[in-house]
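1. Fold the following.
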Amino acid sequence: MTYHGIYDRAEDGAIWGRTPEFPGAFGAGDTLDEARASLREGIRLWIEVDLEYGFGHIDAMPDELIEVVDLSELDQGAIAL
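-> Next up is the predicted model:
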């Protein structure tokens, strides 16, 4: 499953991640790697809740998550990882 990770730098220097594919799933960290890992965990929890309560947004936990990274808000452009 592919998702788009969009990362922004807060005024305090922290990096926040979000994704339109999983509304309400967020991540944060002091570095981009930390923010990416945190967002991936936020997505995993979002999926678990969706499955547990039968909201029907997703049918099963994906075997893997593939991230397309948008760093435009960090003045670094968009890259695919």
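2. other SSEs contacting the host helix or strand of L51?
-> Applying DSSP states H and E as the criterion places L51 in helix 32-53. Other helices and strands packing on helix 32-53, by 3 or more C-beta pairs under 8 Å, 6 or more residues apart in numbering; DSSP states H and E, are strand 2-9, strand 15-18, strand 26-29, strand 66-70. (Glycine included, C-beta is placed from N, CA and C.)
3. Swap in 6 Å and give it another go.
-> strand 15-18, strand 26-29 (3 or more C-beta pairs under 6 Å, 6 or more residues apart in numbering; DSSP states H and E).
4. Direction included, what does the last one pair up with?
-> To tie it back to what came earlier, the one meant is strand 26-29. Strand 26-29 has the following strand partners under DSSP bridges: strand 15-18 (antiparallel).
5. ok, residues contacting the strand it pairs with?
-> 5-10, 26-29, 32, 35, 39 (C-beta atoms under 6 Å, 6 or more residues apart in numbering).
6. got it, and stretch 43-51?
-> Here stretch 43-51 has contacts from 22, 25, 57-58, 61, using C-beta under 6 Å, 6+ apart.
7. Select, from those, the two members most distant in space.
-> Across these, the longest distance by C-beta to C-beta is 14.0 Å; it joins A25 and M61.
8. So those two - more neighbours on which side?
-> Set A25 next to M61 and count neighbours by other C-beta atoms under 10 Å: A25 wins out with 22 against 12.
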